[in-house]
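Colleague: sequence and predicted structure below; questions after.
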Amino acid sequence: MTIAPSSFVLAIRPLAPRDLGQASALALRVFASCVGPGCTPQGCAAFASCVTPEELLAQVKRGELLLGAFAGEVMTGMLVIRRPGHVANFFVDERCHRQGIGRALFQEAERLLAGPGGEAPAMTVNSSLFAVRFYERLGFVRIGAEIRKNGLRCAPMRRPSGPRPRAGGSPGTSPGAS
């Protein structure tokens, strides 16, 4: 199936148990093509054990935030955040990169996790080396040297809490506000 990003309406919503098989398949597929080539077989196996439908269901039961981006019934992206704000998993279908899906997932997560006054929470991530530039565009900065653990390589990153720029505006303003 080909996904034509400009021809669909994107829906962002919490994942339901019926979505977890699709979420697992998406994570494994994107990991294999974008992250996996830089990992050891041990790292690939460790990752795979973290995104089984059963493990994703356990994360839901622990109160973690699991969001999916959908074009109709097809999942195009997923985001898992451990509360209060650690990005555990984030994947967008390769055919849909640079279409705003990742940003939309993070904006919805910020809305759902917002503190008093609507401020976005501070967030951390151990980013794959593939995704560092994306996180930098969201305001994350590296906070340490590359980590190599269990056959995986990642860059620790953090983004402070506070207002976020909205499309067409500066932080904390709406487009056209003076």
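Modeller: Okay, I see it.
Colleague: please tell me how far the spatially most central residue of the chain sits from residue 117.
Modeller: The residue lying closest to the centre of the chain (Cα atoms, centre = their mean) is residue 90, at 2.8 Å. Noted for residue 90: a distance of 26 Å to residue 117, by Cβ to Cβ, to the nearest Å. Glycine gets a C-beta too; all of them are placed from N, C-alpha and C.
Colleague: go on, residue 12?
Modeller: Taken as Cβ to Cβ, the span from residue 12 to residue 117 is 23 Å.
Colleague: do the same with residue 63
Modeller: From residue 63 to residue 117 the distance is 23 Å (Cβ to Cβ).
Colleague: list the buried residues in the least confident helix or strand in the chain by mean pLDDT.
Modeller: Least confident element among the helices and strands of the chain, by mean pLDDT, DSSP states H and E: helix 41-50 (a mean of 81). Neighbour counts using 16 or more other Cβ atoms under 10 Å place 43, 44, 47, 48 of helix 41-50 among the buried residues.
Colleague: could you do stretch 119-129 as well?
Modeller: Buried residues in stretch 119-129, counted by 16+ other Cβ under 10 Å: 119, 120, 121, 123, 124, 125, 126, 127, 128.
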